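Novice: Sequence plus the predicted model coming up.
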Amino acid sequence: MVAPASGGAAGIDWTTWLRRWDEQQTGYLPDREVRFAVMFDVLEVLLPAEFVALDLCAGPGSLSQRLLARLPNAQCIAADKDPVLLAMGQGAIGDVGARLRWVDADLLAEDWVANLGLTHVDAVLSTTALHWLSPDQLVRVYCQLGQLVRPGGVLMNGDHMRFAPHLGHFRKVADEVKAARRADAFERRGVEDWEGWWAALAREPAAAELLAERERRFSGRARDWINPSYDFQVGALREAGFAEVDTIWQNVDNRVLLAVRAA
Ligand SMILES: C[S@@+](CC[C@H](N)C(=O)[O-])C[C@H]1O[C@@H](n2cnc3c(N)ncnc32)[C@H](O)[C@@H]1O
């Protein structure tokens, strides 16, 4: 495992920053908690009580924290490449009695799977993250996950997934509903948004070193969502060797895509 560095950020109240992170993310996704809960419902039905899950692009570990609280015999690996969010997760959540391991991993690096330190997991879960990948990158990551998830194991991706290009009315509904929900959260109710959250953290002097490292790691990356469509994702998961692939939960274009590897 590659342990994330603390970056000289001692003294930061990471618990408060994690609470603000969750509020900010919930501003974008009013049913974020329901989406997490559905993913855990799936794990409860399809996996034995003891299992190992990978929280892919975990950020500060919101999913891992909830999963480990709800499923007491599970273990989690939280992997991300953002040094700020890794430090926050470690500071706020810790290792949950040695049940949670943090890994510094860049999905675009060749060796990220090898660096996890295990050959198989029972489940891979990811939320609000894989939209950063281009179609080519997503296909490669899904193929890697097709090998990493053990036979009978599951992968779930919770994210906005664009409707196919010919579904113009569906796309219009998704765009307008998303815009209305964001206006309600950020303009009417004054919830802190993504930019505001990062700007506020930048005013913490003790976070300067971590933020500089983050800047180095993410520089040159396009900030726009790429957001491969739902149909593309289903096809890519089938190609990657998952036998059953479909939506298990949906609110407009926000879905949990479930993929099960043949036993
Ligand atoms: C919007 S955040 C979501 C975090 C968390 N899953 C959640 O739901 O709160 C997206 C995450 O994807 C991570 N990410 C983006 N590109 C990545 C990459 N190439 N490798 C690893 N993590 C990446 C970011 O660092 C960030 O933590």
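Specialist: Yes, it's here.

Novice: what number of residues lie near residue 60?
Specialist: Burial of residue 60 is recorded as 27 neighbouring residues (other CB atoms under 10 Å). Yep, even glycine has a C-beta here, placed from its N, CA and C like the rest.

Novice: Name the SS class of it, please.
Specialist: At residue 60 the chain is in coil, as set by DSSP: H, G, I helix; E, B strand; the rest coil.

Novice: and it, what does it touch?
Specialist: 14, 17-18, 21, 85-86, 88-89, 92-93 (CB atoms under 8 Å, 6 or more residues apart in numbering).

Novice: Which ones, among these, also lie beside the ligand?
Specialist: residue 85 (CB under 6 Å from any ligand atom).

Novice: Take the contacts of residue 60 and keep only those in helices.
Specialist: Using DSSP state H, 14, 17-18, 21, 85-86, 88-89, 92 are the members of these that sit in helices.

Novice: give me the number of residues near the residue nearest to residue 254 when sequence neighbours are not counted?
Specialist: Distance criterion CB to CB, 6 or more residues apart in numbering; nearest residue to residue 254, sequence neighbours excluded, is residue 160 at 5.3 Å. By other CB under 10 Å, 18 other residues sit near residue 160.

Novice: Give the full set of residues in contact with residue 160.
Specialist: Residue 160 neighbours (CB under 8 Å, 6+ apart): 128, 131, 174, 178, 225, 227, 253-255.

Novice: hmm, 7 Å instead?
Specialist: Applying CB atoms under 7 Å, 6 or more residues apart in numbering, we find residue 160 in contact with 131, 227, 253-254.

Novice: Just send those residues back as CSV, with pLDDT too.
Specialist: Below are the contacts of residue 160 laid out as CSV (pLDDT from 0 to 100):
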residue, pLDDT
131, 90
227, 76
253, 96
254, 97
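
Novice: CSV please, covering those residues and showing distance to residue 190, neighbour count and secondary structure.
Specialist: What follows is the contacts of residue 160, written out as CSV (distance: CB to CB, whole Å; neighbours: other CB atoms under 10 Å; DSSP: H, G, I helix; E, B strand; the rest coil):
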residue, distance to residue 190, neighbour count, secondary structure
131, 26, 17, helix
227, 27, 19, coil
253, 26, 21, coil
254, 23, 22, strand
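
Novice: closest to the ligand among the residues you listed?
Specialist: residue 131 (8.5 Å; CB to the nearest ligand atom).

Novice: Settle this for me: that closest one is touching residue 226, isn't it.
Specialist: Yes - between residue 131 and residue 226 there is a contact under CB atoms under 7 Å: 6.2 Å.

Novice: backbone phi and psi for the residue in the stretch 51-200 of the chain that the ligand sits nearest to, please?
Specialist: Nearest residue of the stretch 51-200 of the chain to the ligand (CB to the nearest ligand atom) works out as residue 59 at 2.7 Å. Phi and psi for residue 59, reported as degrees, to the nearest 10, are phi 60, psi -130.

Novice: To what extent is it buried, counted in neighbours?
Specialist: Neighbour number of residue 59 under other CB under 10 Å is 22.

Novice: what residues does stretch 195-211 touch?
Specialist: Under CB under 7 Å, 6+ apart, the answer for stretch 195-211 is 7-12, 17, 20-21, 24, 83-84, 87.

Novice: What of stretch 112-123?
Specialist: Against stretch 112-123 from outside (CB under 7 Å, 6+ apart): 1-2, 43, 47, 51-54, 77, 79, 103, 105-106, 144, 148-150, 153-154.

Novice: Residue 66 belongs to a helix?
Specialist: Yes - counting by three-state DSSP, residue 66 is found in a helix.

Novice: per-residue confidence at the residue lying closest to it once chain neighbours are set aside?
Specialist: Once flanking residues are discounted, residue 66 sits nearest to residue 36: 5.2 Å by CB to CB, 6+ apart. What the model reports as pLDDT for residue 36 is 99.
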